[in-house]
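> no sequence for this one, just the structure:
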C-alpha cells in the first residue's frame, strides 16, 4: 500500500556518463571505438552503466526526494510532526542511491542483449530493499519488478516515532516500488 508521491520522469535511453575532463583524447577515441554494442539506440561497451539516475535530497539529483509535507500545510501547526519531518528528511543523503542499467551477456554480434537494472547505495544510512536487505555504501543489488525500495531504516523510525500511523506514513513517503517497464514491454511482444 504505497500512497506516496508518484515519480514520473522521462526515462528515455541515456548514454553512459562521460569520462572526466583529464582523460586524454586518444583514450576517449579508443573508448568510442570500443563502443560496439548497439542497444536502445546507444553505442555501448559491455561494461557501461547507462540510464543512470541519482536519487537524493539535493536539487542536483535526477530524482529529488521531497519532504513529506512540502505540499501539505495540514500539519504545519503540529510541532511534533514538524520535528519528525525535519529529522527524518535529514536521514536521506544528498545523493542517497543510484539506479542504473547494465547489459546482461553483452555481445556485439547479436541483437539479443538484455538489460538489467541495479540499485547502488551511496548514503550514510543505507537503502532497504523489500524491508529485508540493507544495502550499505557502494553495495549494489539487481532490481526486479515489484521490489520495494525504502530510503529509511524502519527500525530507526520505529525508535524515534512512537505513533504507528505516523511511522507508516513516513515509511510510505520515502519508499517506492520498482517496475521495469522495458522488461514488461519486451515480454508482451
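Now that the structure is in, tell me what you want to look at. What you are looking at is a predicted structure, and each value in this text was computed from that prediction instead of being measured.
> now residue 115: closest residue in space, sequence neighbours ignored.
residue 101 (5.0 Å; Cβ to Cβ, 6 or more residues apart in numbering). Quick note: C-beta positions are derived from backbone N, CA and C, even for glycine.
> spit out the contact partners of the one you found.
Under the criterion of Cβ atoms under 8 Å, 6 or more residues apart in numbering, the neighbours of residue 101 are 49, 50, 51, 52, 115, 116, 117, 118.
> now it: how far from residue 145?
14 Å (Cβ to Cβ, to the nearest Å).
> least confident of the contacts of residue 101?
pLDDT across the contacts of residue 101 is lowest for residue 115, at 82.
> if that residue is in a bridge, with which residues?
residue 103 (DSSP bridges).
> who's in contact with it?
By Cβ under 8 Å, 6+ apart, the neighbours of residue 115 are 39, 40, 101, 102, 103, 104, 182, 183.
> returning to that earlier point: okay if I get the contacts of residue 101 as a markdown table plus distance to residue 64 and secondary structure?
Output for those, formatted as a markdown table (distance: Cβ to Cβ, whole Å; DSSP: H, G, I helix; E, B strand; the rest coil):
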| residue | distance to residue 64 | secondary structure |
| --- | --- | --- |
| 49 | 21 | coil |
| 50 | 21 | strand |
| 51 | 18 | strand |
| 52 | 16 | strand |
| 115 | 25 | strand |
| 116 | 25 | strand |
| 117 | 20 | strand |
| 118 | 21 | strand |
